[in-house]
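[1] Here's my sequence, what's the structure:
(one chain, ligands or ions: 2)
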Amino acid sequence: MKATTAASSAGPSGTSSAFPAGSGNTRTAARIAPHSHIKGLGLDNEGFALPSASGFVGQNIAREACGVVVDLIKSKKFSGRALLLAGAPGTGKTALALAISQELGSKVPFCPMVGSEVYSTEVKKTEVLAEVFRRAIGIRIKEAKEVYEGELTELTPTESENPLSGYGKTVSHVVIGLKTVKGTKQLRLDPGIYEAILKEKIVVGDVVYIEANTGAVKARPHRVGRSDAYASAHLVKSQRTEVTDKLRREVNKVVKSYVDQGVAEVVPGVVFIDEVHMLDIECFTYLNLLLESPMAPTVIFATNRGTSLVRGTDDVVSPHGIPVDLLDRCLIVKTEGYTKEQVADVVQLRAQVEGLTLGPGVLDKIAVEGERASLRYALQLLAPASVVSQLAGRSEITLEDIGEMNELFLDAKTSASAMGDFEGGLRR
Ligand SMILES: Nc1ncnc2c1ncn2[C@@H]1O[C@H](COP(=O)(O)OP(=O)(O)OP(=O)(O)O)[C@@H](O)[C@H]1O
Ligand SMILES: [Mg+2]
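    Ligands and ions are numbered 1, 2, ... in the order given. Alright, predicted model coming up:
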């Protein structure tokens, strides 16, 4: 009957950012959708990669390295550092970053952005970075609730002499009898609860819900009129306002006091900056500063560039276009390409997630395409091929549909070489 629940008042997921997320959540969802088959790094107890687990296929060394990073983060030995995932397009860098955040816990916020997002005309570059770092710090509000629920069988206020009260006597506590599926129980509760019961016009025989520490008392929904009134009280219109520095400071102050009191805990999330080579020297300098902050989230970068010019400079050439002082702080993990068999396994996983049936020989054909072009290209064939097969009134994708895909669309390599021929033709 008595239940002590650790409830969270911070939204359905139990974690919410202390700072308004703007439209970030929808953006995040759209970016994560192609990775919905990824459930973690798929490592065994010793940290070795299983050939195919948690939606991950192959890429063993990178997965194991990411496992080590997860251990470092969990033992708080990764602060002030960042992980850099380097590898060709479609080799699973984003998938690895997501898997790391999943391994850190289901409530850990994952905040992806692309380097070029900092170039907005309205907001300063550094502010865009600061915002994503703020969004990645989650706050988990812990609330211990003492909850009683059952049919009210007894309601006896106990009075006692109170010399301070003009009436001589006041209610010192209330004795409540509750009948539940587990039996009956008598409780001695605070007088505030007696008042709440009177106010709610609850009588013996009603089913009640009592929160002992807040004094909240509710009649259970079988009293329809009352519960409707209660529900409407919660329809408070949510208003969006601009987040001023003053408001942010106020929020930070409240959060800090919650943390100090042990009512809330800070959950550092994961900031993922894809195409990190698109940032410029000003951003990189600022990132060094952000990494130093005591409340910094875990930072993961990804790039598919080799040695290149650091943006915003005329002459600084550096690996991945990242200045050496920031590179120094990075652990670098390389991702490799996939074999035909591995492409086939991933395509099969995606087909399952998307509810698509592949006809005979289709998987093999897509895998060949994937090995020739890229894994991403192979995966991207699935959706349009399913549209074509549906248009033809079929429920499964056939070889014919894939053939048609190849007639209609080009993969990047074929497209580039076609352009090359064309340019050559022009020049001659
Ligand atoms: N080893 C893997 N196992 C299962 N799925 C994978 C694996 N590697 C990549 N994928 C899936 O393949 C697709 C492309 O991978 P991803 O987007 O992670 O590549 P990327 O390295 O981030 O590419 P880019 O450089 O273009 O951003 C995604 O849907 C991803 O979930
Ligand atoms: Mg990516």
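[2] Now do K77 against ligand 2, distance only.
    26 Å (C-beta to the ion, to the nearest Å). The way it works is simple: take the backbone N, C-alpha and C, and place the C-beta from them, glycine included.
[3] Let me know the secondary structure of that residue.
    Following DSSP: H, G, I helix; E, B strand; the rest coil, K77 is assigned to coil.
[4] Can you pull the poorly scored residue ranges out of the stretch 201-350 of the chain?
    Scanning the stretch 201-350 of the chain for pLDDT under 70 picks out the ranges 221-243.
[5] Write out the residues of the stretch 201-350 of the chain neighbouring ligand 2.
    Residues of the stretch 201-350 of the chain lying close to ligand 2 (C-beta under 5 Å from the ion): none.
[6] could you show me where the strands are in the stretch 201-350 of the chain, in order?
    207-211, 216-219, 264-268, 270-274, 298-303, 307-309, 317-319, 330-334 (DSSP state E, counting those that start in this stretch).
[7] Kindly present those strands as TSV, with separate columns for mean neighbour count and distance to G58.
    Shown next, in TSV, are those (neighbours: other C-beta atoms under 10 Å; distance: least, C-beta to C-beta, whole Å):
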stretch	mean neighbour count	distance to G58
strand 207-211	19	51
strand 216-219	19	54
strand 264-268	18	30
strand 270-274	25	21
strand 298-303	26	18
strand 307-309	12	27
strand 317-319	15	25
strand 330-334	18	14
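[8] any idea how far the closest residue to ligand 2 within the stretch 251-400 of the chain lies from V132?
    At 5.0 Å from ligand 2, D274 is the closest residue in the stretch 251-400 of the chain, using C-beta to the ion. Separation of D274 from V132 (C-beta to C-beta, to the nearest Å): 12 Å.
[9] Now for those two: what residues contact both?
    Residues touching both D274 and V132 (C-beta atoms under 8 Å, 6 or more residues apart in numbering): M113.
[10] State the pLDDT value of the residue in the stretch 51-200 of the chain positioned nearest to ligand 1.
    The stretch 51-200 of the chain approaches ligand 1 most closely through G92 (2.6 Å), counting by C-beta to the nearest ligand atom. Turning to G92, the model gives it a pLDDT of 92.
[11] The strand or helix carrying E369 close to ligand 1?
    Using DSSP states H and E, E369 sits within helix 362-372. No. Legend: contact between helix 362-372 and ligand 1 by C-beta under 6 Å from any ligand atom is lacking; minimum distance shown is 9.5 Å.
[12] who's in contact with that helix?
    Under C-beta under 8 Å, 6+ apart, the answer for helix 362-372 is 338-341, 343-344, 347-348, 351, 358, 377-379, 381-382, 397-399, 401-402, 406, 411, 413.
[13] can you tell me the average pLDDT over that helix?
    For helix 362-372, mean pLDDT is 88.
[14] Check stretch 183-194 too.
    85.
[15] same deal with stretch 78-87?
    On average, stretch 78-87 scores 92.
[16] can you tell me which residues contact L98?
    L98 makes contacts with I32, H35, I38, F110, F272, as judged by C-beta under 8 Å, 6+ apart.
[17] quick check, nearest of these to C330?
    Nearest to C330, judged by C-beta to C-beta, of the contacts of L98 is F272 at 13.7 Å.
[18] Using PDB, write out the CA atom coordinates for stretch 53-69.
    The C-alpha trace of stretch 53-69 is given here as PDB (Å, rounded to 0.1, in the frame of the first residue of the first chain):
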ATOM      1  CA  ALA A  53      25.200  -7.300 -32.100                       C
ATOM      2  CA  SER A  54      23.000  -4.400 -31.000                       C
ATOM      3  CA  GLY A  55      22.400  -3.600 -34.600                       C
ATOM      4  CA  PHE A  56      26.200  -3.100 -35.300                       C
ATOM      5  CA  VAL A  57      27.900  -5.200 -37.900                       C
ATOM      6  CA  GLY A  58      31.700  -5.300 -38.300                       C
ATOM      7  CA  GLN A  59      33.800  -2.200 -37.700                       C
ATOM      8  CA  ASN A  60      35.200  -4.100 -34.700                       C
ATOM      9  CA  ILE A  61      38.300  -2.100 -33.800                       C
ATOM     10  CA  ALA A  62      36.400   1.200 -33.900                       C
ATOM     11  CA  ARG A  63      33.600  -0.300 -31.700                       C
ATOM     12  CA  GLU A  64      36.100  -1.700 -29.200                       C
ATOM     13  CA  ALA A  65      37.900   1.700 -29.100                       C
ATOM     14  CA  CYS A  66      34.600   3.400 -28.500                       C
ATOM     15  CA  GLY A  67      33.900   0.900 -25.700                       C
ATOM     16  CA  VAL A  68      37.100   2.000 -24.000                       C
ATOM     17  CA  VAL A  69      36.000   5.600 -24.400                       C
END
